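Asks: Provided below are the primary sequence and the corresponding predicted coordinates.
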Amino acid sequence: MNNTSVNKPVIGICVSKKKRLMSELVERRIKRFHGNASFIKFHVEDLDFKNFQVKGECFEKKTRNWIEGIFSFPDVVYVQCHIEKEILEQIEQIIGRKVFNNFIFDKWQASDLLTKDDFLQRSLPDTQQLKNETNLQQFLNNYQDIILKPIDVTKGHSSRGIFRVKLQNNEKIVVFFAKRQEMKVKDFLSFDDFFEWFSVKTSGKDYIIQQSIQTMTWGENTTDIRLNMNKNGQGKWEVSVLLFRVATNGSHMIPKVATALTINNLIKMYPEDSKKWQDIEKDITTLGHIICQDFEYHGYHMGNLGIDLGLDDNGHLWIFEVNPLPFPLDGTVNDESLTKPLEYALYLASNKNKKRLFF
């Protein structure tokens, strides 16, 4: 059995065999992290509860390579994929309450959880599960303008699989969807024609349907807000990045091609409404902390959350979705959510005398 240094806490990161992108993100995180820790990357199938061992790869900082081996259980586990509740409980029986991101929820589970908070309800668009053709048509008739999103959080990344559907003159259907980082538009003469096309295109994947909210526009382009929340090296929630994003189209966001600006640009971009935006950063941050606390209230141990919001012309904030596996933002933006989860993991590991941590 390979052993890591006894002087360093061992942080285990559980990744999916199928989602290589998340495994690559782990490497980016570790290479940017300067804390004193050892790292083991593993798959949930490789946990050996009988011998308290795990088969995986240990990151060697000197060579910056991964070394395969069999290791003792890590001090902390940072979850980056779905793990069954029973297995999570088995891990916690061994290392205590040091398994975080233990709820890799889908879009419907997130919406259902947040609607239980009376304060947040006024910021949540009406959202339902897509059950069949009938409930989709009724929802569209009610709102005339709706968003269809894959329930699986990994299927809607960068707007893949997301459709905005508009009903015009109670009959014609106009659909907006992203393809190769461009917004496409398709018209249908009837709902039946649209639903047949949609069913083939999505191949029976599970979807939610959400009331479309008209956010502020810049020129003719739509906008949204991205908020990444993280627990830091003291175990407290904080904002890692807060951006106002402008799309390249008038429908919905394609993050990879959007223009991202710091939130204080609102006053410069909309000087006529400057008084309206004076407290907007505080309002967004407050909303972010309430969302994070809601997950904790319901018993989930999270370390980072990505929150997509929108701001309408009246200055009202809307919560579009919460992501348990948010990608740190690339480019010139300083997004501390790349390394904050590892800082939090190191904080948990330092509490070695505590069998369980409560938050």
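Replies: Great, that's in hand.

Asks: low-confidence bits of this structure, can you list those?
Replies: Within the chain, the segments meeting pLDDT under 70 span 1-7, 153-159, 330-333, 352-359.

Asks: quick one: the helices in it?
Replies: 20-32, 85-95, 107-114, 118-121, 133-143, 191-202, 265-269, 280-297, 340-350 (DSSP state H).

Asks: quick one: residues in contact with the first one.
Replies: The list of residues contacting helix 20-32 from outside it, by CB atoms under 8 Å, 6 or more residues apart in numbering, reads 13, 15-16, 39, 41, 59, 64, 80-81, 325, 327-328, 338-339, 341-342. The way it works is simple: take the backbone N, C-alpha and C, and place the C-beta from them, glycine included.

Asks: bridging residues for residue 53?
Replies: residue 48, residue 72 (DSSP bridges).

Asks: brain fart, residue 244
Replies: residue 225, residue 261.

Asks: that one touches residue 222, doesn't it?
Replies: No - the criterion here is CB atoms under 8 Å, and residue 244 misses it with residue 222 at 11.9 Å.

Asks: quick revisit: residue 229: which of the contacts of helix 20-32 is nearest?
Replies: residue 341 (11.2 Å; CB to CB).

Asks: how far away is the closest one from residue 139?
Replies: 36 Å (CB to CB, to the nearest Å).

Asks: those two: which is more packed in?
Replies: Set side by side, residue 341 and residue 139 show more neighbours around residue 341, with 25 against 19, by other CB atoms under 10 Å.

Asks: so that one touches residue 303, yeah?
Replies: Yes - between residue 341 and residue 303 there is a contact under CB under 8 Å: 5.0 Å.

Asks: residue contacts, residue 50?
Replies: Contacts for residue 50 (CB under 8 Å, 6+ apart) come out as none.

Asks: could you do residue 285 as well?
Replies: Per CB under 8 Å, 6+ apart, neighbours of residue 285: 227, 239, 242.

Asks: centre of the chain to stretch 29-38, how far?
Replies: Computed by CA atoms, centre = their mean, to the nearest Å, the chain-centroid distance of stretch 29-38 equals 22 Å.

Asks: ditto for stretch 221-232
Replies: The answer for stretch 221-232 is 10 Å, by CA atoms, centre = their mean.

Asks: check stretch 196-213 too.
Replies: With CA atoms, centre = their mean, you get 20 Å for stretch 196-213.

Asks: the residue nearest to residue 166 when sequence neighbours are not counted: neighbour count?
Replies: Excluding its sequence neighbours, the residue lying closest to residue 166 (CB to CB, 6 or more residues apart in numbering) is residue 174, at 4.6 Å. Using other CB under 10 Å, residue 174 has 16 neighbouring residues.

Asks: quick one, what contacts residue 174?
Replies: Contacts of residue 174 (CB under 8 Å, 6+ apart): 165-166, 168, 185-188.

Asks: domain assignment for this protein?
Replies: Residue ranges for the domains of the chain, per automatic domain parsing: 10-95, 107-124+215-347, 127-211.

Asks: for those, give me TSV that also has distance to residue 101.
Replies: Below are the domains of the chain laid out as TSV (distance: least, CB to CB, whole Å):
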stretch	distance to residue 101
domain 10-95	4
domain 107-124+215-347	5
domain 127-211	12
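
Asks: if we can go back for a sec, right, and the helices of the chain - which one's nearest residue 127?
Replies: Between residue 127 and the helices of the chain, the tightest spacing by CB to CB is seen for helix 107-114, at 4.6 Å.

Asks: next, the distance between the ends of stretch 168-187.
Replies: End-to-end span of stretch 168-187 (CA to CA, to the nearest Å): 10 Å.

Asks: list the buried residues for it?
Replies: Buried residues in stretch 168-187, counted by 16 or more other CB atoms under 10 Å: 173-178, 183.

Asks: so which of those residues comes closest to residue 122?
Replies: Set against residue 122, the nearest of these by CB to CB is residue 176 (26.8 Å).

Asks: quick check: that closest one vs residue 264, distance?
Replies: Distance, residue 176 to residue 264, using CB to CB: 30 Å.

Asks: one step back: buried deepest among the helices of the chain, which one?
Replies: Across the helices of the chain, the average number of neighbours (mean count of other CB atoms under 10 Å) peaks for helix 340-350, which reaches a mean of 22.

Asks: list the contacts of that one.
Replies: By CB under 8 Å, 6+ apart, helix 340-350 touches 9-11, 29-30, 33, 35-37, 75-76, 78, 98, 100-101, 230-235, 238, 240, 303-304, 357.

Asks: and the residue nearest the centre of the chain, bridged to which residues?
Replies: Central residue of the chain (CA atoms, centre = their mean): residue 323, 2.0 Å from the mean position. Here residue 323 sits in beta bridges with residue 306, as judged by DSSP bridges.

Asks: ok, it - contacts?
Replies: Residue 323 makes contacts with 153, 305-308, as judged by CB under 8 Å, 6+ apart.

Asks: quick one on the thing from earlier: closest to residue 295 among the contacts of residue 174?
Replies: The nearest one, if we look at the contacts of residue 174 relative to residue 295 and count by CB to CB, is residue 165, at 30.2 Å.

Asks: please work out how many residues are found near the closest one.
Replies: So residue 165, with other CB under 10 Å, has 24 neighbours.

Asks: residue 17 now?
Replies: Number of residues near residue 17 (other CB under 10 Å) recorded here: 11.

Asks: and the gap between the residue lying closest to it once chain neighbours are set aside and residue 304?
Replies: Using CB to CB, 6+ apart and skipping the chain neighbours, the partner closest in space to residue 17 is residue 43 (5.5 Å). Between residue 43 and residue 304 the computed distance is 21 Å (CB to CB).
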